[in-house]
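Participant: Below is the sequence, then the predicted model.
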Amino acid sequence: MTPKQLENLSYLKFLLSIEGIGPQKIFSLITKFGSFESILEALPTSLLAIEGINRTLSHRIISAKTKIDAIKEETETELDRLSKLNGRILTYWDIGYPNLLKEIYYPPIILYLLGNLDELNQNALAIVGTRMPSIYGKAQAEKFSYELAQKNLTIVSGLARGIDSIAHQSALKAGGKTIAVIGSGLDVIYPPENKKLFFEIIESGLIISEYPLGTKPDAPNFPKRNRIISGLSLGTLIIETKFTGGAMQTAAYAIDQDREIFATPGNINVKQSQGPNSLIQKGEAKLVTCTEDILEELKVKLNLVHGKSINRPNFELNLFEEKLLSALNEEPKQIDEIANITSMSVADCLVNLLMLEFKGLVRQLPGKVFSII
């Protein structure tokens, strides 16, 4: 990690340490001020101009500045511990942050990673379900995970007991790749009986968490991590879950994220079939009986730029970033001029220009003027 990345990560952790400040407020602050340094230098009156920042929160930001040095030390210590695990941290603004995940509402602002980072931008499908599957459910999870992994789809799930574990195991058995999104720190394996599977996944796939090292697997963490499971994936397959099962939360996130939903139909007299059957009945999920049903539905998405963008030799750019670089091609420009040329709002320009700055492609000059490096 470069000194600049370490500094930005420390500033990010500083903001997250303030009660009442979460990812959405950080995005609003970045949009307004353009950089973490500018946020820290902002006057109370400027902070109050941000939606959601009241006098109490503004005061907390100003008064918390005394903690910055301590947070930098904590960040360096955490990075050292993570390095000993062969892990990495990726922030929303770093090169390699998954493109699909950037599209969701409330994307995780920091990701902790163990394993093969190349999997982050591969074509993926989530497979989730009950912790207590029937024989039928186990068979379907094995079949779909194995066959889809053979078709070069990365299988995403949550490392939970039952369907999740079967999905990961079957993908590996097929010689494919899998991603496990967990609800604890990378150094806390849960459930403990999945320790062997955890390390098998690291060898060729990826373990992801948005929680710092040492975080215990508390109940509220799991519903929250489900948005990442669906957010990383082109679609989500639901295999057996009750109405109240966690897999239904993943399905709800997938619907909200405008991703494809698939479900295997089940026996109407079995509780594990309640979730998928209801999704099919309401027209929220496509009934699938074989992998071809899924591949046919995903055919268009599998051919999108998403699947090709990873071939860039040095970095990845979204459409907005490419548009901004084109606008800056000839000479430095002021933010209002950039917004006019690109037909983007000033707020959107600032967010994407900050990402380009983190990627080392753009520099900010005084007066909100930007140029290509």
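Facilitator: Great, that's in hand.
Participant: if I've got this straight, residue 323 is in a strand?
Facilitator: No: counting by DSSP: H, G, I helix; E, B strand; the rest coil, residue 323 is not found in a strand; it is helix.
Participant: so where do the strands sit in the stretch 1-150 of the chain?
Facilitator: Per DSSP state E, counting those that start in this stretch, the stretch 1-150 of the chain carries strands over the ranges 87-91, 110-115, 124-129.
Participant: can you list contacts of stretch 253-260?
Facilitator: 103-105, 126, 226-227, 229-231, 233-236, 261, 284, 286, 297-298, 301 (C-beta atoms under 8 Å, 6 or more residues apart in numbering). All C-beta spots, glycine's among them, are computed from the backbone N, C-alpha and C.
Participant: Of these, keep whichever come out buried.
Facilitator: Neighbour counting over the contacts of stretch 253-260 (16 or more other C-beta atoms under 10 Å) leaves 104, 126, 226-227, 229-231, 233-236, 261, 286, 297-298 as the buried ones.
Participant: Restricted to strands, list the residues you listed.
Facilitator: Among those, the members falling in strands (DSSP state E) are 126, 235-236, 261, 286.
Participant: biggest separation within those, which pair?
Facilitator: 126 and 286 (14.3 Å; C-beta to C-beta).
Participant: ok, the ones in strands among the buried ones among the contacts of stretch 253-260 vs residue 336, which is closest?
Facilitator: When those are ranked by distance to residue 336 (C-beta to C-beta), residue 235 comes first, at 40.4 Å.
Participant: That closest one and residue 299 touch, don't they?
Facilitator: No: at 11.5 Å, residue 235 does not count as touching residue 299 under the criterion of C-beta atoms under 8 Å.
Participant: Would you check that residue 125 makes contact with residue 229?
Facilitator: No: the pair residue 125 / residue 229 is not scored as a contact, 10.5 Å apart, by C-beta under 8 Å.
Participant: Just want the most central residue of this protein.
Facilitator: The structure's the chain has its C-alpha centroid closest to residue 101; by C-alpha atoms, centre = their mean the separation is 4.2 Å.
Participant: low pLDDT regions in the stretch 151-300 of the chain?
Facilitator: Low-confidence segments of the stretch 151-300 of the chain (pLDDT under 70): 300.
Participant: Let me see the ranges of the helices in the stretch 51-200 of the chain.
Facilitator: Along the stretch 51-200 of the chain, counting by DSSP state H, counting those that start in this stretch, helices occupy 55-63, 68-84, 99-102, 135-150, 163-173, 195-204.
Participant: which secondary structure elements does the shortest one contact?
Facilitator: Of the remaining helices and strands, those touching helix 99-102 by 3 or more C-beta pairs under 8 Å, 6 or more residues apart in numbering; DSSP states H and E are helix 221-231.
Participant: if we go to 10 Å?
Facilitator: Packing partners of helix 99-102 (3 or more C-beta pairs under 10 Å, 6 or more residues apart in numbering; DSSP states H and E): helix 221-231, helix 305-308.
Participant: Reformat those as a markdown table; add distance to residue 15.
Facilitator: As requested, these are exported to a markdown table (distance: least, C-beta to C-beta, whole Å):
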| stretch | distance to residue 15 |
| --- | --- |
| helix 221-231 | 19 |
| helix 305-308 | 30 |
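Participant: wait, which of the helices of the stretch 51-200 of the chain is closest to residue 327?
Facilitator: Short answer: helix 99-102, nearest of these by C-beta to C-beta, at 20.6 Å.
Participant: tell me which residues in that closest one are buried?
Facilitator: For helix 99-102, the neighbour count (16+ other C-beta under 10 Å) marks 99-101 as buried.
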